[in-house]
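Enquirer: Structure of the sequence below:
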Amino acid sequence: MTKQLRQSTIRWPGVGAFFIIIGLLVGFSFLLLDTIIKWTLESSLGTLNRAEVNIASVEHGWVPLSLTVSGVQVTDPAQPENNRVVVGELRGDLDLGELLVGRVIFDQVNATGIRVNQPRQSPGEVYTKLSKDEVSKAAGERWEALKMELPSMDEVMAQVELQTDTVIERAKSNLDEQKQQLKQTREALPSSEQLAEYETKVKELLEGDIESATELAERREQLEELKAKFRADRDSVKAFKTQVETAKNVVQSDISALRKAPEEDLAKIKSFMSFDATGLENITALIFGEQIRSWSKYVLLAYEQLAPMMQRADDTAEEGPLRSEGVWFTFMEANAPPEFLVRNAVTEFAFGETILDVNWQNITHQHTQLGQPTTFQARADNSAIWDSFNLTGEMALKDNGFDARQQWQLKGAKLNDIGLSDRAEFMATMAATLLDSEGSVAVRNGLLDGDASVRLAELKINASGDSRWAELLSQALGKLNRLDIRTEIGGELTAPTLSLNSDLDRQLGDALRSTATDAAQTKLAKLQQDLTAQVNAVIAEQSPELAGLVDLEGLASSKDAKLEDLLKSQLEDKLKDKLKDRLLKKIGGG
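Expert: Residues are numbered from 1 along each chain as shown. The predicted structure is shown next:
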């Protein structure tokens with residue numbers, strides 16, 4: 001009888017091979033874990049930054065679970081030859097319990113050796129191209145707008161419409177018109193002979209004897225006829241007086257305008273003796289703009305660095321997965337902690353030998369779920385480069401967009417040898433100054449809105465240039481001891497815009513206008529002489545006319561007064577008194 005061998009259901013060689021393969025994979029992953037994390041961080045951060053991110057090394061620890069990242073370089077998409085931020089070392093402790101349920105929670109993160117706007121050894125790759133050429137072209141166009149020759153007197157005269165000739169013609173026309181109107185109203189005036197005749201008739205009516213009531217009635221009728229003539233003549237005299245007053249005012253106004261016309265024309269010409277206004281409207285931004293924009297990178301660092309990454313992380317989370325990647329389902333409750341959170345962080349920014357600690361709380365891109373904003377604050381007093389600095393702010397990514405606000409105060413920052421312009425046609429360096437600044441900025445729906453003041457005291461600027469405009473600009477800058485610059489912050493969160501203005505624009509504009517006027521002084525003097533001569537000739541003609549109008553006004557007033565006296569005479573009463581006396585005499589005699 002043949003004995004059957006019983007076969008085992010477990011193939012031990014296969015099981016051994018399986019565990020060997022798994023062990024190799026685990027060992028391989030363990031050995032390459034740091035490399036995998038490094039590659040993942042570079043790829044993820046690069047996507048969020050929209051430009052290349054380099055990491056020198058990554059180390060992990062198991063007890064406690066931690067991660068240390070060294071030599072982080074974050075390329076600036078706008079300037080690929082520079083790093084937006086450089087981090088010397090970043091270390092964080094992970095919450096193992098949260099990690100097991102799919103949440104990345106750091107209890108504490110410390111970052112040291114942070115520097116802003118540092119040059120790279122080679123330009124970084126930009127994943128989303130920015131129009132840098134357009135920015136450079138715009139800056140060049142602003143300098144070209146300033147580079148122009150002072151306008152000549154002939155060029156200005158071709159543009160300016162002189163008003164003196166117009167004023168002269170208007171004065172002559174007005175005088176002729178007033179003369180014509182005076183002639184018409186004067187013809188209706190009673191003559192001196194008529195007034196004398198009126199007085200004679202009134203005298204006859206008063207002095208003659210009245211014999212009867214019939215004679216009284218006849219004299220009364222004659223009196224009414226005289227009064228009607230007096231009123232008509234008085235109305236004519238008043239109309240003439242009004243016309244004389246109008247003519248006098250017109251002539252006086254024209255003479256005044258004639259005297260002012262040459263000076264007004266000269267002032268208009270001088271206003272044209274300057275650079276084109278588009279070249280002068282913001283010299284402050286042209287000279288100080290790039291440097292202040294560079295300074296703003298420190299103040300707006302939290303916004304410029306974290307905010308775009310927060311938004312990008314949120315956008316990435318909302319994008320649908322690729323078909324090949326499958327679908328990730330999350331069963332996280334609405335009030336559960338966010339999937340990514342740094343509860344506390346300290347970042348050390350290096351400014352030369354000065355270290356600035358910025359304390360952070362609640363760094364995440366899921367603020368609605370967390371219920372709290374990301375906050376940050378920094379304070380440093382009596383450092384080597386400033387007297388005091390204070391920065392506070394908060395930011396949150398909500399359903400309706402990115403919301404943030406911050407404010408700062410900086411006093412006594414010591415600056416030396418700061419380059420302002422290195423163009424071939426104009427060189428400028430801020431040799432020394434003390435800087436104070438304060439301001440606030442907010443973000444609503446991805447748009448910046450804020451303002452700041454920059455005060456430069458004990459200011460010394462060295463500038464030079466070969467052209468005339470560069471020489472004038474150098475002189476204006478060299479005279480500055482203090483400069484207050486008002487800054488408005490706006491634009492998109494990822495591309496802030498700064499609008500600068502100060503008294504420098506007015507100072508330079510005055511200097512340029514003065515120079516242009518001096519160059520044309522001889523021609524201006526000749527023009528003033530010619531215009532004044534023309535005006536004086538017309539005034540010489542108009543002045544006698546004005547004197548004649550004054551005489552006519554006196555004549556009209558005299559006639560008006562005589563007619564008023566005649567109208568006010570109580571002729572009827574006097575006639576009645578004479579008749580009464582006559583009757584009493586007859587009665588007494590009878």
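
Enquirer: how about the helices in the stretch 151-300 of the chain?
Expert: Applying DSSP state H, counting those that start in this stretch to the stretch 151-300 of the chain gives helices spanning 153-159, 164-186, 192-207, 213-272, 277-280, 283-299.

Enquirer: quick check: domain ranges of the chain?
Expert: Split into domains by automatic domain parsing, the chain comes to 15-130, 163-273+527-589, 279-319+337-519.

Enquirer: Comparing the helices of the stretch 151-300 of the chain by mean pLDDT, which bottoms out?
Expert: Sorting the helices of the stretch 151-300 of the chain by mean pLDDT places helix 277-280 lowest, at a mean of 44.

Enquirer: Could you count how many residues lie near Ala424?
Expert: By other Cβ atoms under 10 Å, the residues close to Ala424 number 7. For every residue, glycine as well, the C-beta is placed using N, CA and C.

Enquirer: From Gly113, how far off is it?
Expert: Separation of Ala424 from Gly113 (Cβ to Cβ, to the nearest Å): 37 Å.

Enquirer: Same check on Leu456?
Expert: Leu456 is 30 Å from Gly113, by Cβ to Cβ.

Enquirer: Number of residues surrounding the closest residue to Gln194 other than its chain neighbours?
Expert: Sequence neighbours aside, Asp233 is the residue nearest to Gln194 in space, at 7.4 Å (criterion: Cβ to Cβ, 6 or more residues apart in numbering). Using other Cβ under 10 Å, Asp233 is surrounded by 22 other residues.

Enquirer: ditto for Gly97
Expert: 10.

Enquirer: Let's verify it: helix, strand, or coil?
Expert: helix (DSSP: H, G, I helix; E, B strand; the rest coil).

Enquirer: Tell me which stretches of the stretch 51-200 of the chain form strands.
Expert: Along the stretch 51-200 of the chain, counting by DSSP state E, counting those that start in this stretch, strands occupy 53-61, 66-76, 79-94, 104-119.

Enquirer: In TSV: these, plus mean neighbour count, distance to Leu397 and mean pLDDT.
Expert: Compiled in TSV, those are given as follows (neighbours: other Cβ atoms under 10 Å; distance: least, Cβ to Cβ, whole Å; pLDDT from 0 to 100):
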stretch	mean neighbour count	distance to Leu397	mean pLDDT
strand 53-61	16	21	88
strand 66-76	20	20	89
strand 79-94	19	20	88
strand 104-119	17	17	86
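
Enquirer: Tell me which of those strands lies nearest to Gln243.
Expert: strand 79-94 (78.3 Å; Cβ to Cβ).

Enquirer: Paired strands for that closest one, with orientation please.
Expert: strand 66-76 (antiparallel), strand 104-119 (antiparallel) (DSSP bridges).

Enquirer: Using a markdown table, please lay out these together with distance to Ala345.
Expert: Below are these laid out as a markdown table (distance: least, Cβ to Cβ, whole Å):
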| stretch | distance to Ala345 |
| --- | --- |
| strand 66-76 | 13 |
| strand 104-119 | 4 |
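
Enquirer: Can you say which of those is nearest to Ile36?
Expert: Distance to Ile36, taken as Cβ to Cβ, is lowest for strand 66-76 among those, at 12.2 Å.

Enquirer: Looking at the domains of the chain, which one is packed in the most?
Expert: Ranked by mean neighbour count, those are led by domain 279-319+337-519 with a mean of 17 (mean count of other Cβ atoms under 10 Å).

Enquirer: Please name the nearest non-neighbouring residue to Asp95.
Expert: Among residues not flanking Asp95 along the chain, Ile105 sits closest, at 4.2 Å (Cβ to Cβ, 6+ apart).

Enquirer: Can you verify my assumption that the one you found contacts Leu94?
Expert: Yes. Between Ile105 and Leu94 a contact is recorded at 7.0 Å, counting by Cβ atoms under 8 Å.

Enquirer: Run through the stretch 351-500 of the chain and note the low-pLDDT ranges.
Expert: Scanning the stretch 351-500 of the chain for pLDDT under 70 picks out 468-469, 494.

Enquirer: same thing but at 50, please
Expert: For the stretch 351-500 of the chain, no stretch has pLDDT under 50.

Enquirer: Show me where it has its helices.
Expert: 367-370, 468-478.

Enquirer: need these in JSON lines with distance to Leu498, can you?
Expert: Putting those into JSON lines (distance: least, Cβ to Cβ, whole Å) gives the following:
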{"stretch": "helix 367-370", "distance to Leu498": "28"}
{"stretch": "helix 468-478", "distance to Leu498": "20"}
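
Enquirer: can you tell which of the ones you listed is closest to Phe402?
Expert: Nearest of those to Phe402, taken as Cβ to Cβ: helix 367-370 at 9.7 Å.

Enquirer: who does that closest one touch, helix- and strand-wise?
Expert: In terms of contacts (3 or more Cβ pairs under 8 Å, 6 or more residues apart in numbering; DSSP states H and E), helix 367-370 is packed against strand 388-398.

Enquirer: Direction included, what does the strand it packs on pair against?
Expert: Paired strands of strand 388-398, defined by DSSP bridges, are strand 374-381 (antiparallel), strand 401-423 (antiparallel).
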